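Asks: Sequence first, then the predicted structure, then my questions.
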Amino acid sequence: MDEKNESVVGDKEREAWRQKKKEAKARMAAMQALPYEVKVKRAELRAREFVERLDDMELNAHVSVGGLDSIVLLLFLRNIGIDIPAISVSSLEDKSIQKIHKELGIISIPIGKPKVEILQEYGFPVISKKIAGRIDTLQNPTEKNKTVRHAIITGECGAQGHFASNSRMQLPKKWLKLFAGYENENEGVNYQVAPFKVSNKCCQYMKEEPCDKWAIEHNSKPFLGLMASEGGQREEALTEHGCNYFGKGVIRSAPFAPFLRQDLLQLAIDLKAPVPEIYGEIVRKPDGTLYTTKAQRTGCSMCGFGIHMERRPHRFDQLRERNPKEWEFWMYRCCTDPETGEKYGWGRVLDYIGVPWEDYPAVQMDMFRDFLIEEG
């Protein structure tokens, strides 16, 4: 095949790939627009189908539980008669979430690698899981990831990326400037090199691998409380694969995939779900919108995904208010600089990406939180 024909075939494959993704997004958007009652009934059907399929495959099912979303999922499954084990690496969660886990009889499994070890060895989880993964690739160059690194800098993809140009593989300009200096010589650019490592491997080593190990030992596949409306890699995976996925290496169910945040909170109310103290209460604004009076999302106390988009008091401000000693450790001395021996922490990371964190009095923070709640 000559070069011209190869180009034509490549264009057709790329267009077919784009059309497939477009259709998948349209399907997910249509499901997200369904009435709440329809989505709940649909979630029940998907959950039952998943368990029936696992029965045919001689596999068991369990629920992987973390924060409020998956707590609601566990109660939802129990409510429709699917009474299966629930597991969690509970020690990663806030104390108030751990309390609810114990009340609900959730099996606590040990953490994989310690948080400090992961930050020191692999790097900080910052910006987003997807972007952190790309920065990690730039910081750890190999001959095998050469094409991927080029795509991250330029947006120009190879065969695996359907030879797309200006693709979403390229880091946004803001992050290229701060993190892409490792490729200055190769790409003829002049970007900065961060004074710390970045990685998206924290969940993998701390939570996913221990849960996967438990699942293998118990011949079990998970229900997950994921929603496409959360965005990022979750949105992409759920949009592409739907609620129930039976792949070669992955089998899972996410019956809440089409839910919006309002659906999840309404279901929590309907099921009388216990709300961990870190979230506050579920209340309704004058326009009918539901929200939690404290944290909207929770995660590990050393996670920084999305921190650059949060209004203050952000998660680290709130950690300072709840536990000043823990805050001091993570912000100033959880890691050791391999070159200087200096102790440092999230403070160095937040300063570098332009997120304020250090001079924020607790009283001022309480007043600001009250203002945010009143203003919606």
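Replies: Right, received. Where do you want to start? Residues are numbered from 1 along each chain as shown.

Asks: Now name the helix or strand holding the nearest residue to residue 254 once chain neighbours are set aside.
Replies: Take residue 254 and drop its neighbours on the chain: the residue closest to it by Cβ to Cβ, 6 or more residues apart in numbering is residue 226, 4.3 Å away. Quick note: C-beta positions are derived from backbone N, CA and C, even for glycine. Under DSSP states H and E, no helix or strand contains residue 226.

Asks: in the host helix or strand of residue 31, what's buried?
Replies: For residue 31, the enclosing helix or strand under DSSP H and E is helix 3-32. Neighbour-count burial for helix 3-32, counted by 16 or more other Cβ atoms under 10 Å, picks out 24, 28, 31, 32.

Asks: Quick check: the second one touching residue 229?
Replies: No - Residue 28 is not in contact with residue 229 according to Cβ atoms under 8 Å; the separation is 9.3 Å.

Asks: re the thing from before, next structured bit after the helix holding residue 31?
Replies: Note on helix 3-32: by DSSP H and E, the next helix or strand toward the C-terminus is helix 36-56.

Asks: Give me the buried positions along that next one.
Replies: So helix 36-56, judged by 16+ other Cβ under 10 Å, has buried residues 39, 40, 42, 43, 44, 46, 47, 50, 51, 53, 54.

Asks: TSV for the residues you listed, including pLDDT and distance to residue 221?
Replies: Compiled in TSV, these are given as follows (pLDDT from 0 to 100; distance: Cβ to Cβ, whole Å):
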residue	pLDDT	distance to residue 221
39	98	23
40	98	22
42	98	20
43	98	17
44	98	18
46	98	14
47	98	12
50	98	8
51	98	10
53	98	9
54	98	6
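
Asks: circling back to that earlier point, and the helix holding residue 31 with helix 36-56, angle?
Replies: Relative orientation of helix 3-32 and helix 36-56, computed by axes from the mean of the first three to the mean of the last three Cα atoms, to 10 degrees: 120 degrees.

Asks: Which secondary structure elements does helix 3-32 sit against?
Replies: helix 232-241 (3 or more Cβ pairs under 8 Å, 6 or more residues apart in numbering; DSSP states H and E).

Asks: now the helix it packs on, how far from the centre of its chain.
Replies: Mean-position distance between helix 232-241 and its chain equals 11 Å (Cα atoms, centre = their mean, to the nearest Å).

Asks: what's in contact with it?
Replies: Residues outside helix 232-241 that contact it (Cβ atoms under 8 Å, 6 or more residues apart in numbering) are 21, 24-25, 27-28, 128-130, 226-229, 247, 254, 257.

Asks: what's the nearest residue to residue 276 if we skip its chain neighbours?
Replies: For residue 276, ignoring the flanking residues on the chain, the nearest one in space by Cβ to Cβ, 6+ apart is residue 96 at 4.0 Å.

Asks: hang on, that neighbour in a strand?
Replies: No - when DSSP: H, G, I helix; E, B strand; the rest coil is applied, residue 96 is found to be helix, with no strand at that position.

Asks: Dihedrals phi and psi, residue 60?
Replies: phi -100, psi 170 (degrees, to the nearest 10).

Asks: how many other residues sit next to the nearest residue to it once chain neighbours are set aside?
Replies: Distances taken as Cβ to Cβ, 6+ apart place residue 220 nearest to residue 60, at 4.0 Å, with adjacent residues excluded. Summarising burial for residue 220: neighbours were counted as other Cβ atoms under 10 Å, giving 18.

Asks: and the gap between residue 220 and residue 67?
Replies: Distance of residue 220 to residue 67, given as Cβ to Cβ, to the nearest Å: 21 Å.

Asks: Residue 347 too?
Replies: When Cβ to Cβ is applied, the distance between residue 347 and residue 67 equals 26 Å.

Asks: what's the answer for residue 341, then?
Replies: From residue 341 across to residue 67, the span is 37 Å (Cβ to Cβ).

Asks: So between the two, which is more surrounded?
Replies: More crowded of residue 341 and residue 67, by other Cβ under 10 Å: residue 67, with 20 against 7.

Asks: Name the nearest residue to that one, sequence neighbours excluded.
Replies: Looking at residue 67 with Cβ to Cβ, 6+ apart, the closest residue is residue 298, at 4.6 Å.

Asks: Just give the number of residues close to that neighbour.
Replies: Residue 298 is flanked by 22 other residues according to other Cβ under 10 Å.

Asks: need the contact list for it.
Replies: Contacts here follow Cβ under 8 Å, 6+ apart; on that basis residue 298 touches 66, 67, 68, 93, 94, 97, 276, 278, 279.

Asks: Now the last one: closest residue in space that isn't a chain neighbour?
Replies: So that's residue 279. Spatial nearest neighbour of residue 279, chain neighbours left out: residue 292 (4.2 Å); criterion: Cβ to Cβ, 6+ apart.
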